[in-house]
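Enquirer: what follows is a predicted protein model with its sequence.
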There are 2 protein chains.
Amino acid sequence: MSEMLVVGSVAFDTIHNAEGKHEKIVGGSATYASISGSFFTGVQLVGIVGRDFPDQVVSALRERGVDLEGLEVADGETFHWEGRYTDDLTARTSLRTELNVFADFQPKIPERYRDTPFVMLGNIAPELQLSVLEQVRSPQLVVADTMNFWIESKLDALRELLRRVDVLVINEEEARQLSGRHHLIHVAHELLELGPQTVIIKQGEYGAWLFAGEHVFSAPAFLLEARDPTGAGDSFAGGFLGYVAAAGSADPAVLRKAVIYGSTVASFCVEGIGVERLLTLTRDEIEQRVEKFRTLVEFAGS
Amino acid sequence: MSEMLVVGSVAFDTIHNAEGKHEKIVGGSATYASISGSFFTGVQLVGIVGRDFPDQVVSALRERGVDLEGLEVADGETFHWEGRYTDDLTARTSLRTELNVFADFQPKIPERYRDTPFVMLGNIAPELQLSVLEQVRSPQLVVADTMNFWIESKLDALRELLRRVDVLVINEEEARQLSGRHHLIHVAHELLELGPQTVIIKQGEYGAWLFAGEHVFSAPAFLLEARDPTGAGDSFAGGFLGYVAAAGSADPAVLRKAVIYGSTVASFCVEGIGVERLLTLTRDEIEQRVEKFRTLVEFAGS
């Protein structure tokens, strides 16, 4: 079993949804991805927080086996995002983005993380993602997430990044934006042309697709009553890479199962507010839901 | 192997899409459903056309094993619909609806069709669908399709119909409209409460769900370059019921496979304009694509 390295944001989120206002709960791409990865393997986290970040959260992560040597504590306040979801959770509006200490974040990869074979580049500026790749030594698999903001403002750096990552994880809408195509089969082809050997296109309540060369896999959505989609994508990516790292291989059969495990962790994530459900989740519950995913799509026997 | 009865529209469609204008090509819910069902079993068609309906189409249907005793030929012109699709095919606008002889359509089920065990009520007015149920004798399985127009204008008759059908096939958007709910799991529960033992919710490029009591099945979409979505839903329903009729059983394992076969036929349908692809399609091609569907979702072996 290999360890995984996660680089991304650690943040406070203030979330408005149909249930009310959830003030300054813990969030951030690295937080969600680390917790999700920790169900499968040891996780090393690189990020930055301010002096206001609660000690008990740090302790909770450490107890899960998340190595926090790479979590920098800087003078100032932690990144704080505030947003409002529509009642059907299909859209959200950002109300406030206070970068705080995150404004000057320069990922510093501790020496003993630099040979970690599995690397997750959370959704941060592509230059910062590239700076991580300058510091690590010949990783076995690099997964990157991105978003519309970087596609619109940092396209050159993003293209440079994509030439150097193995797996791109991206939302369907952003995949269309980045590829300039509409039909999913063309979208996937264009994205693979940009560099990654594997592209995972997430469709939210419609599941996810994995494309690796001629290899195509369709993962169903899990039917549930979502309460808070914050962190679903990061939980997916963290669970995906955690499963791959634990398997120590990225062959197609492992990647398929990793998509299902990532989808499963994400499905639990959205059933709670913020990270709350992930913190009570057990590996047994994950396995039971993976089994439900299996029966959901079976049609061979009759 | 049992036969199936299809009642619905037989029409001319004039379709505008990115490729141009396709003038007065043959369409209609009963046409698509009959051709699709005919890959699996014998089909009896009940519908109405005008004197302008081409003999060679009638012959082509007959050669496929579609029984046309129930196709009434009336004085006047055949139903003609004209519509324009957006370039990405996600929406369409009706430009013209000339009901012509269809305005007075009263389905008359020939005596020798009345004991046919599998019945497909295509997307026509719910009163006409109910009138079919008055004429048939204890069918084994009745499948009904419907659309937003009937939900908005004939809700009482539609509710009466739903109390008497076994399987409702419906688009996701229309399923939300009819149920008044958003989350798919609630939508399905509400629709099952209306009467059908089985509800199939079609999500177009995102696949389909089958709900039968506690039994849930998720069918993936097939990745392809759609050219004309006209008739996709009818092809799905016709292929679905044709497979069930050929199996002679509607147990859950058969229903799952029938959803895949229906999806497969529909996936071929949208690759051509109108019915053209369905008319060249072979059972071998269907089986090959069903096999691709199987490998698309497999993640058990590693």
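Expert: Sure thing, it's come through.
Enquirer: what residue in the stretch 51-200 of chain A comes nearest to chain B?
Expert: Using Cβ to the nearest Cβ, the closest approach of the stretch 51-200 of chain A to chain B is made by A:Ile185 at 4.5 Å. Glycine gets a C-beta too; all of them are placed from N, C-alpha and C.
Enquirer: now do the same contact list for the nearest residue to that residue once chain neighbours are set aside.
Expert: Distances taken as Cβ to Cβ, 6 or more residues apart in numbering or on different chains place B:Leu223 nearest to A:Ile185, at 4.5 Å, with adjacent residues excluded. For B:Leu223, the contact set (Cβ atoms under 8 Å, 6 or more residues apart in numbering or on different chains) comprises A:His183, A:Leu184, A:Ile185, A:Trp209, A:Val216.
Enquirer: distance check, B:Leu223 against B:Lys292.
Expert: In this view, B:Leu223 and B:Lys292 are 10 Å apart by Cβ to Cβ, to the nearest Å.
Enquirer: again with A:Ala33
Expert: Where B:Lys292 is concerned, A:Ala33 sits at a distance of 33 Å (Cβ to Cβ).
Enquirer: and what of A:Thr230?
Expert: According to Cβ to Cβ, A:Thr230 stands 36 Å off from B:Lys292.
Enquirer: these two: who's more crowded?
Expert: The residue with more neighbours, out of A:Thr230 and B:Lys292, is A:Thr230; 26 against 13, by other Cβ atoms under 10 Å in any protein chain shown.
Enquirer: so which residue is smack in the middle of chain A?
Expert: When Cα atoms, centre = their mean is applied to chain A, the residue found nearest the centroid is A:Asp234 (2.2 Å).
Enquirer: for that residue, which non-adjacent residue is spatially closest?
Expert: Nearest one to A:Asp234, counting by Cβ to Cβ, 6+ apart, is A:Tyr32 at 3.6 Å.
Enquirer: residues contacting A:Gly274?
Expert: A:Asp13, A:Ile15, A:His22, A:Ile25, A:Val26, A:Gly27, A:Asp228, A:Thr230, A:Gly231.
Enquirer: what parts of the stretch 1-150 of chain A come near chain B?
Expert: Counting by Cβ under 8 Å from any Cβ of the partner chain, the residues of the stretch 1-150 of chain A close to chain B are A:Asp88.
Enquirer: all the strands of the stretch 1-150 of chain A, residue numbers only.
Expert: Secondary structure of the stretch 1-150 of chain A (DSSP state E, counting those that start in this stretch): strands at A:4-7, A:11-17, A:20-27, A:43-50, A:66-67, A:71-74, A:80-85, A:92-98, A:118-121, A:141-145.
Enquirer: looking at those strands, which is closest to B:Val143?
Expert: Across the strands of the stretch 1-150 of chain A, B:Val143 has its closest neighbour in strand A:80-85 (37.2 Å, Cβ to Cβ).
Enquirer: what comes up buried for the strand or helix carrying A:Ser267?
Expert: Secondary structure from DSSP states H and E places A:Ser267 in helix A:252-269. Buried residues in helix A:252-269, defined by neighbour count with 16 or more other Cβ atoms under 10 Å in any protein chain shown: A:253-269.
Enquirer: just the angle between it and strand A:141-145, please?
Expert: Helix A:252-269 runs at 40 degrees relative to strand A:141-145, counting by axes from the mean of the first three to the mean of the last three Cα atoms, to 10 degrees.
Enquirer: for the helix or strand following helix A:252-269, name the packing helices and strands.
Expert: As assigned by DSSP H and E, the chain's next helix or strand after helix A:252-269 is helix A:276-280. With contacts taken as 3 or more Cβ pairs under 8 Å, 6 or more residues apart in numbering or on different chains; DSSP states H and E, helix A:276-280 sits against helix A:29-37, helix A:252-269.
Enquirer: distance to A:His80 added to those helices, as CSV?
Expert: Shown next, in CSV, are the helices and strands packed on helix A:276-280 (distance: least, Cβ to Cβ, whole Å):
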stretch, distance to A:His80
helix A:29-37, 13
helix A:252-269, 20
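Enquirer: next, format the ones you listed as JSON lines and append mean pLDDT.
Expert: Output for the helices and strands packed on helix A:276-280, formatted as JSON lines (pLDDT from 0 to 100):
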{"stretch": "helix A:29-37", "mean pLDDT": "98"}
{"stretch": "helix A:252-269", "mean pLDDT": "97"}
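Enquirer: go through these and name the closest to B:Arg283.
Expert: Comparing the helices and strands packed on helix A:276-280 under Cβ to Cβ, the one sitting nearest is helix A:252-269, at 29.1 Å.
Enquirer: now the residue of the stretch 51-200 of chain A closest to chain B: which helix or strand?
Expert: Assessed by DSSP H and E, A:Ile185 sits inside helix A:184-193.
Enquirer: which strands and helices sit next to that helix?
Expert: Helix A:184-193 packs on helix A:172-179, strand A:198-202, strand A:208-212, going by 3+ Cβ pairs under 8 Å, 6+ apart.
Enquirer: so for A:Val58, which of those sits nearest?
Expert: Of all the helices and strands packed on helix A:184-193, strand A:198-202 sits nearest to A:Val58, with 29.2 Å by Cβ to Cβ.
Enquirer: helices or strands up against that closest one?
Expert: Applying 3+ Cβ pairs under 8 Å, 6+ apart, we find strand A:198-202 packed against strand A:167-171, helix A:172-179, helix A:184-193, strand A:208-212, helix A:232-247.
Enquirer: winner for burial among those?
Expert: helix A:232-247 (a mean of 28; mean count of other Cβ atoms under 10 Å in any protein chain shown).
Enquirer: surely A:Arg30 and A:Ile48 touch.
Expert: For residue A:30 the amino acid is Ala, not Arg. No: the pair A:Ala30 and A:Ile48 does not pass the contact test of Cβ atoms under 8 Å, sitting 9.5 Å apart.
Enquirer: common neighbours of the two, please.
Expert: Taking Cβ under 8 Å, 6+ apart as the contact criterion, the common neighbours of A:Ala30 and A:Ile48 are A:Val10.
Enquirer: more neighbours, the two?
Expert: When A:Ala30 and A:Ile48 are compared for neighbours, A:Ala30 comes out ahead with 30 against 27, by other Cβ under 10 Å.
Enquirer: quick check: closest non-adjacent residue to that one.
Expert: Using Cβ to Cβ, 6+ apart, the closest residue to A:Ala30 is A:Gly8 (3.4 Å).
Enquirer: let's see the pLDDT reported for the residue of the stretch 51-200 of chain A closest to chain B.
Expert: pLDDT, A:Ile185: 92.
Enquirer: and if you look at A:Gln135?
Expert: With respect to pLDDT, A:Gln135 scores 98.
Enquirer: residues contacting A:Val142?
Expert: Each residue near A:Val142 by Cβ under 8 Å, 6+ apart is listed here: A:Val119, A:Leu121, A:Leu133, A:Arg164, A:Val165, A:Asp166, A:Val167.
Enquirer: what does the stretch 201-302 of chain A put close to chain B?
Expert: Near chain B, when you scan the stretch 201-302 of chain A using Cβ under 8 Å from any Cβ, you find A:203, A:205-207, A:209, A:216-221, A:223-226, A:247, A:253-254, A:256-257, A:259-260, A:294, A:296-302.
Enquirer: among the residues you listed, name the buried ones.
Expert: Buried subset of those (neighbour count, 16+ other Cβ under 10 Å): A:203, A:205-207, A:209, A:216-221, A:223, A:226, A:247, A:253-254, A:256-257, A:259-260, A:296-299.
Enquirer: identify the residues contacting A:Gly122.
Expert: A:Val6, A:Val7, A:Gly8, A:Ser9, A:Ser29, A:Ala30, A:Ala33, A:Asp145, A:Asp234, A:Ala237.
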